[in-house]
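Visitor: I'll drop the sequence and a predicted model, then ask my questions.
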Amino acid sequence: MIELEMSGRVDGQNESTGSSWDEAEEECFTVDEAIEKIGFGKFQLVLSVFTGMIWMVDAMEIMIMSIIAPAAQCAFDLSDVEVAMISVVVFLGIMLGSPLWGWLTDKYGRHRCLLLSASFIGFYGAASAFSPNYFWLLALRFLAGFNLACTPQAMTYYSEFLPSSVRGSCVVFIEVFWSIGTVFETLLAMGVMPTLGWRYLLGFSSIPITLSVIVFMFFPESPHFLVTAGQKGKALAVLKTVAASNNKQLPEGRLVSVATKRLLERKRKLRAMTTEDGSLTASEVGGTPSRGEGSSLEGSFYPSEAEDDSLIYTVNPEDVSAGMAGCSQAVHGRVLGAKSNTPSIKDLFSTWKLGLSTILLGLIWFVLSFVYYGVSLMTVEVLEVDLVYTDANGTSHCVDELVDSNSTSTSCHLTSEQYVTILWTTAAEFPGLLITILLMLVLSRRNTIRLEFALVTLFYALLLKCDVSRTTTLLFIFGVRALITGVFQASYVYTPEVYPTRVRGMGLAFCSAVSRLGSMSTPFVAQVLLKRKLFAGKLVYTAVGGLGLLASAFLPIETKGKALS
């Protein structure tokens, strides 16, 4: 038997690649080839703004919890642990929702899932403003977080419309909207909180996501997903719309999947070798004989590398000698078995490289959230106190406790100085994004992540020193905030590129879910350990940053300049 692989179905029928040698010579193109020819234009520009709005909303929903926490503590007479739970339930919702939304986007499409989740975010965000008590607030913030878990899929959707030459820069640029969202929420809180209160802030903050839902209704489904789902007619219609918007033409020929195009290329090679001497060997075709049989096609033959999203076909070896008829049978052959259209977590470990990448990326994303939200939470605490004191003998000592453990005073609002500090540290993200864009132009994806992780660890190590000025401490914090933002966005570029279309949403969702473990655990270091053992807290962040650097050093797959599979 000869086993060949081929892509999925169209309208319930096996995809056809022709019944003669002539069809092997027919022009065809994949979605990636169409996107490359269409290039970056008006469509992608408008899509960039929309994706940025989604990212901005995500930042606002995360930022709002730290802003309203003091007011909610006073309103509901909460303990410190109960206040912390307001943020924890949001991250818990994101962690639990990520796998489900990842599976749904791979199964039913990016567009409809993003539209549905954005609608729920707006609803539960606005409903939070009417929470009658603490438990209702927790429940509604959890549901908002559960639907926020789908927002990273906007990056998957966005990247599938981008040519490879600009994909990295564009995805990193979208992070600007995250910083804009953080700044906007802070400025909104400065105007609303002192006069109207935290409930109005929650209500006003739900307006941008409502506008995003209206705008997104006019965008199409990802053509990558449509081809994977066997809906090539709809995929072609989407590509025609994008091409018309950019005033470009699609490539000549018909739209096929990546697996089908590879099969057609094998078919062309088969024809060329057959016309040369009338015979073939398994090694010439590119496969390997099985069970120790000879290299002729009289034995079983298996392709050396499986195609993604494929159906397996079988052909009798006698058909091959018939030339055209044999090749036609190789294309239209009887189905032995097919991969399920439903993606599963096992698919993230389908090869050793993909499995190792999944494990390492999960660890990297944990580190990213742990460090990013950690530096955000610790900034105000560290910069508001003198880190060195002088005893009665004139000897200088490092401060290792930021608060009086016996103090029970609580402020119901952030001060103007605290708002300004938040704005200044957020501003560090903008140069971090610019640095990342420049690095990704000259370095590979992996080396960009490695270099920035190394610098994050270095700046955290420098923060271990206490005998430095407040300005120097602020610069070190700026360095951490800028570079960890850069690593985050480089990872948002790299991660979707690692996974094939069939499980791309699930791969990103897995990483997002693991990252929320870091988000949920970092407050116990930044807001508990750091206040009582400052050096120990900073040492934990230094060590975790080093762990991220170690994990990035072993990433096995480079994706820069490669087409999405």
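Guide: In hand now; what should we look at?

Visitor: next SSE after the one helix or strand Ala490 maps to?
Guide: When elements are assigned from DSSP states H and E, Ala490 belongs to helix 470-498. Counting by DSSP H and E, the element after helix 470-498 in chain order, helix or strand, is helix 501-524.

Visitor: Which elements pack onto that next one?
Guide: helix 80-108, helix 153-159, helix 223-228, helix 352-383, helix 470-498 (3 or more Cβ pairs under 8 Å, 6 or more residues apart in numbering; DSSP states H and E). No exception for glycine: its C-beta is placed from N, CA and C like everyone else's.

Visitor: Mind putting these into a markdown table with mean neighbour count?
Guide: Shown next, in a markdown table, are these (neighbours: other Cβ atoms under 10 Å):
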| stretch | mean neighbour count |
| --- | --- |
| helix 80-108 | 21 |
| helix 153-159 | 26 |
| helix 223-228 | 26 |
| helix 352-383 | 21 |
| helix 470-498 | 23 |
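
Visitor: Throw these into TSV and include mean pLDDT and distance to Thr421, thanks.
Guide: Output for the helices and strands packed on helix 501-524, formatted as TSV (pLDDT from 0 to 100; distance: least, Cβ to Cβ, whole Å):
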stretch	mean pLDDT	distance to Thr421
helix 80-108	83	19
helix 153-159	84	29
helix 223-228	86	43
helix 352-383	86	5
helix 470-498	86	9
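
Visitor: now the ones you listed as CSV including distance to Glu265?
Guide: Shown next, in CSV, are the helices and strands packed on helix 501-524 (distance: least, Cβ to Cβ, whole Å):
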stretch, distance to Glu265
helix 80-108, 27
helix 153-159, 26
helix 223-228, 17
helix 352-383, 23
helix 470-498, 23
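
Visitor: Of those, which is nearest Leu414?
Guide: Ranking those by proximity to Leu414 (Cβ to Cβ) places helix 352-383 first, at 8.4 Å.

Visitor: when you compare where that closest one runs with where helix 501-524 runs, what's the angle?
Guide: 30 degrees (axes from the mean of the first three to the mean of the last three Cα atoms, to 10 degrees).

Visitor: same for helix 352-383, what does it pack against?
Guide: helix 416-427, helix 445-463, helix 470-498, helix 501-524, helix 530-532, helix 534-553.

Visitor: repeat that for 10 Å
Guide: helix 42-76, helix 80-108, helix 416-427, helix 445-463, helix 470-498, helix 501-524, helix 530-532, helix 534-553 (3 or more Cβ pairs under 10 Å, 6 or more residues apart in numbering; DSSP states H and E).

Visitor: which residue is nearest the centroid of this structure?
Guide: Central residue check for the chain by Cα atoms, centre = their mean: the C-alpha nearest the mean position is that of Tyr492, 4.2 Å away.

Visitor: hang on, that residue packs against Gln153?
Guide: No. Using Cβ atoms under 10 Å, Tyr492 is not in contact with Gln153, being 11.3 Å away.

Visitor: Can you work out which residues contact both of those two?
Guide: Contact criterion Cβ atoms under 10 Å, 6 or more residues apart in numbering; residues bridging Tyr492 and Gln153 by contacting each: 508, 512.

Visitor: Quickly note the distance from the residue nearest to the centre of the chain to Leu368.
Guide: 10 Å (Cβ to Cβ, to the nearest Å).

Visitor: Report the distance from the helix or strand hosting Gly203 to the chain centre.
Guide: Per DSSP H and E, Gly203 falls inside helix 198-205. Helix 198-205 sits 28 Å away from the centroid of its parent chain (Cα atoms, centre = their mean, to the nearest Å).

Visitor: what's the answer for stretch 225-242, then?
Guide: Counting by Cα atoms, centre = their mean, stretch 225-242 is centred 23 Å from the centre of its parent chain.

Visitor: just stretch 63-70 next, same as before
Guide: That offset, for stretch 63-70, works out to 25 Å (Cα atoms, centre = their mean).

Visitor: could we number from 36 for the rest of this?
Guide: Noted, 36 is the first residue going forward, which turns the last one into stretch 98-105.

Visitor: buried residues in that stretch?
Guide: Buried positions in stretch 98-105, judged by neighbour count with 16 or more other Cβ atoms under 10 Å: 98-105.

Visitor: Let me have the residues you listed in CSV, extended by pLDDT and distance to Leu223.
Guide: CSV is the format used below for those (pLDDT from 0 to 100; distance: Cβ to Cβ, whole Å):
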residue, pLDDT, distance to Leu223
Met98, 81, 10
Ile99, 83, 9
Met100, 77, 14
Ser101, 74, 14
Ile102, 80, 9
Ile103, 82, 11
Ala104, 77, 16
Pro105, 77, 16
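
Visitor: Could you export those residues as TSV, including distance to Thr536?
Guide: Converted to TSV, the buried residues of stretch 98-105 look like this (distance: Cβ to Cβ, whole Å):
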residue	distance to Thr536
Met98	33
Ile99	34
Met100	34
Ser101	37
Ile102	39
Ile103	40
Ala104	40
Pro105	45
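
Visitor: quick check, nearest of those residues to Ala224?
Guide: Among the buried residues of stretch 98-105, and counting by Cβ to Cβ, the member closest to Ala224 is Ile102, at 4.7 Å.

Visitor: Identify the spatial nearest neighbour of that closest one, chain neighbours not counted.
Guide: Ala224 (4.7 Å; Cβ to Cβ, 6 or more residues apart in numbering).

Visitor: returning to that earlier point: so which of the buried residues of stretch 98-105 is the closest to Ser257?
Guide: In terms of Cβ to Cβ, no member of those lies closer to Ser257 than Met98, at 28.8 Å.

Visitor: doesn't Gly216 make contact with the closest one?
Guide: Yes. With contact defined as Cβ under 10 Å, Met98 counts as touching Gly216 (7.1 Å).

Visitor: who touches both of those two?
Guide: 240, 461.

Visitor: pLDDT below threshold where in the stretch 136-285 of the chain?
Guide: In the prediction, the stretch 136-285 of the chain carries no residues with pLDDT under 70.

Visitor: mind listing what Tyr534 touches?
Guide: 141, 191, 343, 378, 382-383, 389, 392-393, 396, 540-543, 545-546, 592, 594, 599-600.

Visitor: cutoff 6 Å now
Guide: Gly542 (Cβ atoms under 6 Å, 6 or more residues apart in numbering).

Visitor: Got the phi and psi for it?
Guide: Phi and psi for Tyr534, reported as degrees, to the nearest 10, are phi -90, psi 140.

Visitor: And for Cys63?
Guide: phi -150, psi 160.

Visitor: Hmm, it is touching Pro286, no?
Guide: No. Judged on Cβ atoms under 6 Å, Cys63 makes no contact with Pro286 at a distance of 8.5 Å.

Visitor: Identify each buried residue in stretch 287-305, please.
Guide: Those would be 290-299, 301-302, 305, for stretch 287-305 by 16+ other Cβ under 10 Å.

Visitor: and those residues, which of them are in strands?
Guide: If you go by DSSP state E, the buried residues of stretch 287-305 have Leu290 in strands.

Visitor: Which two of the buried residues of stretch 287-305 have the greatest separation?
Guide: Greatest spacing in those, by Cβ to Cβ: Leu290 and Leu305 (22.9 Å).
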